[in-house]
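Provided below for reference: sequence and predicted model.
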Amino acid sequence: MIETNPMHQSATEWVYAPYSNEEGLDRVVAYGDRSGKCPTYVERVAPCSNACPAGEDIRGYHNLIRGTWKDGPDAWEAAFRRLTRTNPFPGVMGRVCPAPCQGACNRQYRDETIHINAVEQAIGEYAIEQKLAYPKPTHKTGKKVAVVGSGPGGFSCAYQMALRGHEVVMFESSDKPGGMMRYGIMGYRVSREVLEAECQRILDLGVELRCNVRVGVDVSLEQLSRDYDAVFLAVGAQKGRGLPIPGAEGPNVTNAIDFLRSFELQGHAMSIGRHVAVIGDGDVAMDVARLALRLGAEQATLISGVPREEMKCSAYEFDEAVAEGTRMVYQAGTVEVLREGDAVKGLKCVQMVKKEQGEEGWNHPIPFFRFKVQPGTEFVLDVDQVVASIGQTTDMTGLEQTTGGTPWLKVDHNQKVEGFANVFGGGDAVSITLLTTAIGHGRKAAEAMDLLLRGEPLPAKPGRRDVVRFEKLKSDYFVQSAQKKRRLDHPEIVKGSWREVLIPLSREDAKAESARCMSCGLCFECNQCMLFCPQHAITRFPGNPEGEVMFTFYERCVGCHICAEICPTGYIDMGMD
């Protein structure tokens, strides 16, 4: 059965009232009434881009992949160039970003969201396969920029500043670059080949990397501020919180950040307990449990203080941990690490219950604090290693002057550090958030730093963006179709399996997924307005820029509103007198 398009059908079956081409206001419009309005073309922000912390032009690279727009002979390379205007890590983020863009996608109200980060991963894969490189700037400004930290925020800023012709030096306290992309995300989620390729692509722009240099200890921030025209601080939050219960001090009890970092440094030689307890409910806790099983733990038990529906982790991360054998214990608090000498012999826990309305903390913004201990419900888990994944913070040794007495950098809307003329900051050192957010911070800071170095004023705080809502679209134009989903290839034996689990979409499936994009807020050349204009007032100029292909001859327009009513993307308003 062929599905009909109600919007198309209503337009083709419309019976127009009689009219004549009289002059001026005596001209009668198609609906049998007068109108002083003509179409205006109003580009609006797509909700996916508005929700993307990196600010990707998601609508743009989907239109390039499906061939609606052209920017050179290779659609995939064009999509890569468009995506990496704001995010130089499509391969990494296509794998690990929880995709807030998809949560905002208007397509979900028609059938299913566009699988945006699956397409992003496919673009990243293509770029690595084809060894695509960034064009080196032909003009050098003579300005020098220091970037402190080589995580996603630091690399993002370095990339943007190098593209603008500035000399960039990156300072990294570890012996390898990547920050939490390397030390917090395991190779079975992002292969090291992908991470190395995307980091090296940025370094190939001429960015100098200096490892094993701790700014604030080996060199002062004041010295950098004098020696460089601008400084970007992206030091991260790579200090895990300890477990505040008796018995937590001593061997075989650690925090998640140190646990993951130890594996990156020691590899398969890292020792692991037989029964590992992981305390926490976020994505990092899931990573710890999955890594423990790969290292050879017989059992990994995750203890969450809240029920499943209030856990912080993404559904994907939770499902992966369960599929690989992680045992879940809900609504349990930890009381004491039980020891015999230095050896861990168990973890004493207690059941938690939700507080009654009116009790202190019953509506606390952090779910854990909405629960309380239920006396008399203590129990002991048989474990010999404990990993606490209960948060992380910064280590601002030598950088205390940037924090205002807190653990975090104090920055304004341009990412400029308060009290400094040429120091900016971003990433987890500002607030614990997504890798993609750090990338966005790096780009925003680079834009402001570039203005500063050119002697121009920094921008004011941006106003409200005009984001196109689903109600503005004519969604019936889009035939319902299922989302193309990536395949998960779980190992039959988890121990010792280090291959990637998430299998990327084929290029054909990724293109089909891009074709589902509704191009919210901008013309994607469907020709609806031209086909159904009763006055033949609309034509197309294929060589025009994106969004300007359709052209209205206003001397022919009678203001019938059909073009605005038929436009699927919400791009046309009736507003011109």
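Looks like it came in fine.

show me the shaky parts of the stretch 1-150 of the chain.
Scanning the stretch 1-150 of the chain for pLDDT under 70 picks out 1-36.

show me where it has its strands.
Counting by DSSP state E, counting those that start in this stretch, the stretch 1-150 of the chain has strands at residues 38-41, 144-148.

ranking those strands by mean neighbour count, which comes first?
strand 144-148 (a mean of 26; mean count of other Cβ atoms under 10 Å). All C-beta spots, glycine's among them, are computed from the backbone N, C-alpha and C.

other SSEs contacting that one?
Identification of packing neighbours for strand 144-148 by 3 or more Cβ pairs under 8 Å, 6 or more residues apart in numbering; DSSP states H and E yields helix 152-163, strand 167-172, helix 221-227, strand 230-233.

residue 102 is nearest to which of the strands of the stretch 1-150 of the chain?
strand 38-41 (27.3 Å; Cβ to Cβ).

the helices in the stretch 301-450 of the chain, which residues?
Ranges of helices in the stretch 301-450 of the chain, per DSSP state H, counting those that start in this stretch, are 315-323, 435-453.

among those, which gets the worst mean confidence?
In terms of average pLDDT, helix 315-323 trails the rest of the helices of the stretch 301-450 of the chain, at a mean of 93.

can I get that helix in CSV? Just the C-alpha atoms.
Listed next in CSV are the C-alpha coordinates belonging to helix 315-323 (Å, rounded to 0.1, in the frame of the first residue of the first chain):
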residue,chain,number,x,y,z
ALA,A,315,19.9,4.4,28.9
TYR,A,316,22.6,3.2,26.4
GLU,A,317,25.3,3.0,29.0
PHE,A,318,23.1,1.2,31.5
ASP,A,319,22.0,-1.3,28.9
GLU,A,320,25.6,-2.0,27.8
ALA,A,321,26.7,-2.6,31.4
VAL,A,322,23.8,-5.0,32.1
ALA,A,323,24.3,-6.8,28.8
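
and it, what's buried?
Residues 317, 318, 320, 321 are the ones in helix 315-323 that count as buried (16 or more other Cβ atoms under 10 Å).

identify the farthest-apart pair in the residues you listed.
318 and 320 (7.3 Å).

shared neighbours, the two?
Overlap of the contact sets of residue 318 and residue 320 (by Cβ atoms under 8 Å, 6 or more residues apart in numbering) consists of residue 286.

end-to-end on stretch 225-239?
With Cα to Cα, to the nearest Å as the measure, the first residue of stretch 225-239 is 25 Å from its last.

report the mean confidence score over that stretch.
pLDDT averaged over stretch 225-239 gives 96.

please parse the protein into its domains.
Domain assignment for the chain by automatic domain parsing gives 6-44+522-576, 48-132+473-510, 144-238+394-453, 239-391.

can you give me the distance of the residue sitting nearest the centre point of the chain to residue 358?
For the chain, the residue nearest the mean C-alpha position is residue 436 (3.8 Å; Cα atoms, centre = their mean). Distance of residue 436 to residue 358, given as Cβ to Cβ, to the nearest Å: 39 Å.

same question for residue 48.
The value you get for residue 48 to residue 358, if Cβ to Cβ is used, is 41 Å.

so for the two, which sits in the more crowded spot?
Shown here are residue 48 and residue 358; by other Cβ atoms under 10 Å, residue 48 has more neighbours (28 against 7).

the lengthiest strand in the chain packs against which elements?
As assigned by DSSP state E, the longest strand anywhere in the chain is strand 343-354. Applying 3+ Cβ pairs under 8 Å, 6+ apart, one finds that strand 343-354 contacts strand 332-340, strand 371-373, strand 379-381, strand 385-388.

what do you get if the cut-off is 6 Å, keeping everything else the same?
In terms of contacts (3 or more Cβ pairs under 6 Å, 6 or more residues apart in numbering; DSSP states H and E), strand 343-354 is packed against strand 332-340, strand 371-373, strand 379-381.

reformat the ones you listed as JSON lines; add distance to residue 423 and mean neighbour count.
Formatted as JSON lines, these follow (distance: least, Cβ to Cβ, whole Å; neighbours: other Cβ atoms under 10 Å):
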{"stretch": "strand 332-340", "distance to residue 423": "40", "mean neighbour count": "18"}
{"stretch": "strand 371-373", "distance to residue 423": "41", "mean neighbour count": "17"}
{"stretch": "strand 379-381", "distance to residue 423": "47", "mean neighbour count": "15"}
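
now those as CSV including distance to residue 297 and mean pLDDT?
Shown next, in CSV, are the helices and strands packed on strand 343-354 (distance: least, Cβ to Cβ, whole Å; pLDDT from 0 to 100):
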stretch, distance to residue 297, mean pLDDT
strand 332-340, 17, 96
strand 371-373, 28, 94
strand 379-381, 13, 97
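
wait, residue 248 touches residue 337, no?
Yes - with contact defined as Cβ atoms under 6 Å, residue 248 counts as touching residue 337 (5.3 Å).

find the residues that touch each one of the two.
The contact sets of residue 248 and residue 337 do not overlap (Cβ atoms under 6 Å, 6 or more residues apart in numbering).

would you turn the helices and strands packed on strand 343-354 into CSV with distance to residue 537?
Converted to CSV, these look like this (distance: least, Cβ to Cβ, whole Å):
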stretch, distance to residue 537
strand 332-340, 68
strand 371-373, 64
strand 379-381, 74
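
show me the one of these that comes nearest residue 181.
strand 332-340 (29.8 Å).

need the contact list for the closest residue in space to residue 488 that isn't next to it in sequence.
Using Cβ to Cβ, 6 or more residues apart in numbering and skipping residues adjacent in sequence, the residue nearest residue 488 is residue 501, 5.8 Å away. Contact analysis of residue 501 by Cβ under 6 Å, 6+ apart lists 188, 488, 489.

for the helices and strands packed on strand 343-354, which one sits closest to residue 392?
Of the helices and strands packed on strand 343-354, nearest to residue 392 by Cβ to Cβ is strand 332-340, at 17.9 Å.

what packs against that closest one?
Identification of packing neighbours for strand 332-340 by 3+ Cβ pairs under 6 Å, 6+ apart yields strand 343-354.

swap in 10 Å and give it another go.
Packing partners of strand 332-340 (3 or more Cβ pairs under 10 Å, 6 or more residues apart in numbering; DSSP states H and E): strand 275-279, strand 299-303, strand 343-354, strand 371-373, strand 379-381, strand 385-388.
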